[in-house]
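*Asks:* What would the 3D arrangement of this be:
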Amino acid sequence: VQLVESGGGLVKNGGSLRLSCAASGFTFSFYSMSWYRQTLGEEPSWVADINPGGGITHLSDLVKGRFDISRDNAKNMLYLQMNSLKPEDTAVYYCHARDTTSVSGTTYWGQGTQVTVSS
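*Replies:* Below is the predicted model:
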């Protein structure tokens, strides 16, 4: 099983980035997918999630109106479009998968991608 994030980097205040997460080794379309972010010394915080079919999304109030989560089940890909970035969005962003078909709710995490927003 692999979740591989990409697309992070350094961007100026107000800029945009698109994060991608490539999934493999499991049935992607069975899994609810999420993005989390973590700053140094803090626990990961939830950013956004999307249901297996892609029709239902939720966004943290901190990013609502600026970020958008989407997925392509044919390509086993998850995305996070980030617009109007702010310095406080600086964090390591993680892709997270949760199995919605089993009681155990198996979960997987990616290795993370760094997003740095300069002021």
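
*Asks:* residue contacts, Ala48?
*Replies:* Ser34, Trp35, Thr57, His58, Leu59, Ser60, Val63, Phe67, Ile69, Leu80 (C-beta atoms under 8 Å, 6 or more residues apart in numbering). (Each C-beta comes from the backbone N, C-alpha and C, glycine too.)

*Asks:* of the residues you listed, closest to Gly8?
*Replies:* Leu80 (10.1 Å; C-beta to C-beta).

*Asks:* and the closest one, what are its bridge partners?
*Replies:* Leu19, Ile69 (DSSP bridges).

*Asks:* Identify the bridge partners of the most centrally placed residue in the chain.
*Replies:* In the chain, the C-alpha closest to the average C-alpha coordinate belongs to Trp35, at a distance of 2.6 Å (C-alpha atoms, centre = their mean). Legend: beta-bridge partners of Trp35 under DSSP bridges are Ala48, Cys95.

*Asks:* For the closest residue to Asp68 other than its chain neighbours, the count of nearby residues, please.
*Replies:* Computed as C-beta to C-beta, 6 or more residues apart in numbering, the closest residue to Asp68 that is not its neighbour in sequence is Gln81, at 4.5 Å. When neighbours are defined as other C-beta atoms under 10 Å, Gln81 has 14 of them.

*Asks:* so how far is Ala91 from Val1?
*Replies:* 24 Å (C-beta to C-beta, to the nearest Å).
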